[in-house]
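*Asks:* here is the input, now give the coordinates:
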Amino acid sequence: QVQLVESGGGLVQAGGSLRLSCAASGRTFSSYAMGWFRQAPGEERVFLSYISGRSSTKYYTDSVKGRFTISRDNAKNTVYLQMNSLKPEDTAVYYCAASRTIATAVVDYIYWGQGTQVTVSS
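*Replies:* Model prediction:
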């Protein structure tokens, strides 16, 4: 069992930056690939990025490529999402999730955090 807790969300102006953190419980954190997703009101949850257990593989969806950076610190059981050049359309609840393998589909992730709200004003 892995418990995930996101933090770092908030209100930011367009063009600004935020860094989200996701702290995981348990001693097997490095065995999981970690992903970030977001969900805007009335929309489906969408994939943003993943990172493999040892950080050797990272992947970003086109909408965030070049603006967002995923990283992890296995010694701290934490995964991060650095978000730069934020746009109003980035407004959503952001979720971290854990998977047994690198994946982009929601159904492939078995543990989820509760989400953190990011609001980008124009």
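*Asks:* what about the residue nearest to the spatial centre of the chain, which SS state?
*Replies:* For the chain, the residue nearest the mean C-alpha position is W36 (2.5 Å; C-alpha atoms, centre = their mean). Of the three states, W36 takes strand under DSSP: H, G, I helix; E, B strand; the rest coil.
*Asks:* surely it is in contact with S99?
*Replies:* No: applying C-beta atoms under 8 Å as the test, W36 and S99 come out as separate, 11.7 Å apart. Every C-beta, even on glycine, is put in place using the N, C-alpha and C of the backbone.
*Asks:* who touches both of those two?
*Replies:* Y50 (C-beta atoms under 8 Å, 6 or more residues apart in numbering).
*Asks:* list the contacts of A33.
*Replies:* Each residue near A33 by C-beta under 8 Å, 6+ apart is listed here: Y50, I51, S52, G53, A98, S99, R100, T101, I102, A103.
*Asks:* can we see that at 10 Å?
*Replies:* Residues near A33 by C-beta atoms under 10 Å, 6 or more residues apart in numbering: 50-54, 57, 59, 72, 79, 97-103, 108-109.
*Asks:* quick check: closest non-adjacent residue to V5.
*Replies:* A23 (5.0 Å; C-beta to C-beta, 6 or more residues apart in numbering).
*Asks:* sorry, back to before: next one: the residue nearest to the centre of the chain from V118, what distance?
*Replies:* Using C-beta to C-beta, to the nearest Å, W36 is found at 11 Å from V118.
*Asks:* what's the answer for Y32, then?
*Replies:* Applying C-beta to C-beta to Y32 and V118 gives a distance of 23 Å.
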